[in-house]
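Undergrad: Provided below are the primary sequence and the corresponding predicted coordinates.
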Amino acid sequence: MAHTTVGQGTVAVRHAGARSARLWHCAVAWVLVPLSTTGLSRFTYASPLPGEAIGYEATDATPLSGDHTLSAKSIDEYARVVGSSKGSGTWPAVWINGRTWAFTAEPYFDNKGAPYGMSPSTGIVVGWARSGLETAPVAWTRNQVHEPRIPDYASGAYAWDVNDQGWIAGESYFPETAVLWRPGREPLDLGTFSGDPRPARAFSINDRGEVTGQVYTRDFGHRAFVWREDVGMIDISDPNNPRNDSYGYGINDLGEVVGYSIDVDDNEGVFLWRDGDFFYYPKLNGCDNARQYPSAINNLGQVVGKSIGCGAGGGVVWWETEVPGNFAAADLGDSTWIRGVDPGIRIYECRDINDGGQILAMGEDSAFDDLAMVLTPYHFTLSDLTPGIAGEVNELTIANLEPGSDVHLIWGRNEGAQKISAVLGSSGGGGGNPPIDCPGAPILIQQPRGVFGPVAADAAGEVNLRFMIPDNASGQTVRIQAAVPDLCRVSHVVEVTIE
């Protein structure tokens, strides 16, 4: 085991034990982070979570004020969350690094609106706003409201998603059509299969301008579709399902679509459509009668959603294993995978996932109050710091590292979220600096007080650090986290009080 001693005067801390004590209040949003087992020959089990993750860390996000909670809808690559602030009213809101801001829905006199999608490169947020009985699509930029024009043939419309070109996918009502808004162009009715004049809805758009959603059929069913500008609408429903009832909910930049399908026995399953191939994701606990619904798919092919029934009522993450066409699932309603969550809190739905593997979810506490959550991956572990007493040398072990990897230790007093490069710098890779911004691997400490390292992990994938805690640190509560910037990986956070 590698041993490193930190010099006199450096503050270090001990794990206080009750990690969930700071999550006692009703309205919280969390970020959860997976652990990696890559390259560790001493591990003989397969990773139980996507991205070789073995757990998630919870970080709360502050509600606006009073009785307001955040009903979260979307998360981008910078871990910015948009949703609706709910309480005595409903306002569009954005959560960034533990702070929540409301933004206006004017000129709608009700000032009510709900954002659903966001473009990380442009900062455009889309959704809808309502005034009286009228609902209109809305795009927010820098707290300004822009209204994509409602199609002339419709009474109102909703916007559900936006890509980096500013193309917006949504739907009109009275009549119900799938609509695409493009800057400087008229609203486009995406049509239906073979020109059949049936209602349709568009839910998701990727950066290639491909759209997915559903078309209503003449027998009162639904069929999932992909729309492409060069070929129009493509039926992607299961060709082997006699009932042929399906919905497309998310599409990534590879053109992969996730949705759900209903068979002749009313079983509801989550599917993946990829270049004409159709796959079903596994049911939790092997229960064929469970009803499962997807919400989103990222560019790594990781999918989130929810499952109901068979004792598995909660958020779910699905992913493809190393064997092509073989898929796995994890029940995030099971707090086994999550650090820092009060046992009385249940994650009932996962709503979005970014390319860093951060999952946006919703849960509820024992009083059935809604909680918004962001879930971010962690890749190795920190031990308790012993003996955790000021004026003495204390010891902390970082484990589950890849042998030889360079690890840094970061500590500070405030909760937040920053890019690894903002804390450790960036040199384009090597030298202990991240080669990229490391999406999904944030430093969950605002304004760190200190950074130590790098220190190389030994052949067992461990580093042991020895700290002298000064006498004046007694009574302080500190957050500590480890990072391997070259691999874009971080540990969970240890929040401790020094004795």
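TA: Yes, it's here.

Undergrad: hey, what's the spatially most central residue of the chain bridged with?
TA: Closest to where the C-alpha atoms of the chain average out (Cα atoms, centre = their mean) is Ile359, at 2.1 Å. Using DSSP bridges, the beta-bridge partners of Ile359 come out as Ile353, Leu375.

Undergrad: same question for Met233.
TA: Applying DSSP bridges, one finds that Met233 bridges with Trp227.

Undergrad: contacts only, for it.
TA: Leu190, Gly191, Thr192, Phe193, Val215, Phe225, Val226, Trp227 (Cβ atoms under 8 Å, 6 or more residues apart in numbering). No exception for glycine: its C-beta is placed from N, CA and C like everyone else's.

Undergrad: how much space between it and Ala154?
TA: 18 Å (Cβ to Cβ, to the nearest Å).

Undergrad: for Asn163, same thing?
TA: Per Cβ to Cβ, Asn163 is found 22 Å from Ala154.

Undergrad: the two: which is more packed in?
TA: Applying other Cβ atoms under 10 Å to Asn163 and Ala154 shows that Asn163 carries more neighbours, namely 23 against 17.

Undergrad: where does the protein dip in pLDDT?
TA: Within the chain, the segments meeting pLDDT under 70 span 1-48, 60-68, 87-91, 97-99, 104-112, 142-143, 195-196, 311-313, 426-437.

Undergrad: how's it carved up into domains?
TA: With domains defined by automatic domain parsing, the chain comprises 2-16+384-497, 26-377.

Undergrad: how about Gly156, what does it touch?
TA: Residues near Gly156 by Cβ under 8 Å, 6+ apart: Glu134, Thr135, Ala136, Ile150, Ser172, Tyr173, Phe174.

Undergrad: for it, which non-adjacent residue is spatially closest?
TA: Spatial nearest neighbour of Gly156, excluding adjacent residues (Cβ to Cβ, 6 or more residues apart in numbering): Thr135 at 4.4 Å.

Undergrad: for the one you found, what are its contacts?
TA: Neighbouring residues of Thr135 by Cβ under 8 Å, 6+ apart: Trp128, Ala129, Gly156, Ala157, Tyr158, Tyr173.

Undergrad: from these, which land in strands?
TA: Trp128, Ala129, Gly156, Ala157, Tyr158, Tyr173 (DSSP state E).

Undergrad: what packs against the helix or strand where Thr381 lies?
TA: Here Thr381, judged by DSSP states H and E, is contained in strand 381-382. Counting contacts by 3 or more Cβ pairs under 8 Å, 6 or more residues apart in numbering; DSSP states H and E, strand 381-382 is packed against strand 393-399, strand 477-484.

Undergrad: tell me the most buried of these?
TA: Highest mean neighbour count of those: strand 477-484, a mean of 24 (counted as mean count of other Cβ atoms under 10 Å).

Undergrad: mind checking what helix or strand follows it in sequence?
TA: With elements assigned by DSSP H and E, the helix or strand that comes after strand 477-484 is strand 489-490.

Undergrad: could you name the helices and strands sitting against the helix or strand just after that next one?
TA: With elements assigned by DSSP H and E, the helix or strand that comes after strand 489-490 is strand 494-497. In terms of contacts (3+ Cβ pairs under 8 Å, 6+ apart), strand 494-497 is packed against strand 477-484.

Undergrad: report the inter-axis angle for the strand it packs on versus strand 393-399.
TA: If you take axes from the mean of the first three to the mean of the last three Cα atoms, to 10 degrees, strand 477-484 sits at 40 degrees to strand 393-399.

Undergrad: strand 477-484 pairs with which strands, parallel or anti?
TA: Strand 477-484 has the following strand partners under DSSP bridges: strand 406-412 (antiparallel), strand 489-490 (antiparallel), strand 494-497 (antiparallel).

Undergrad: return the most buried member of those strands.
TA: Most buried among those, counting by mean count of other Cβ under 10 Å: strand 489-490, with a mean of 30.

Undergrad: what about that one, distance to the chain center?
TA: A distance of 16 Å separates the centroid of the chain from that of strand 489-490, by Cα atoms, centre = their mean, to the nearest Å.

Undergrad: what of stretch 296-306?
TA: Offset of stretch 296-306 from its chain centre (Cα atoms, centre = their mean): 9 Å.

Undergrad: now it: buried residues?
TA: For stretch 296-306, the neighbour count (16 or more other Cβ atoms under 10 Å) marks Ala296, Ile297, Asn298, Leu300, Gly301, Gln302, Val303, Val304, Gly305, Lys306 as buried.

Undergrad: check stretch 341-357 too.
TA: Of the residues in stretch 341-357, 341-342, 345-357 count as buried by neighbour count, 16+ other Cβ under 10 Å.
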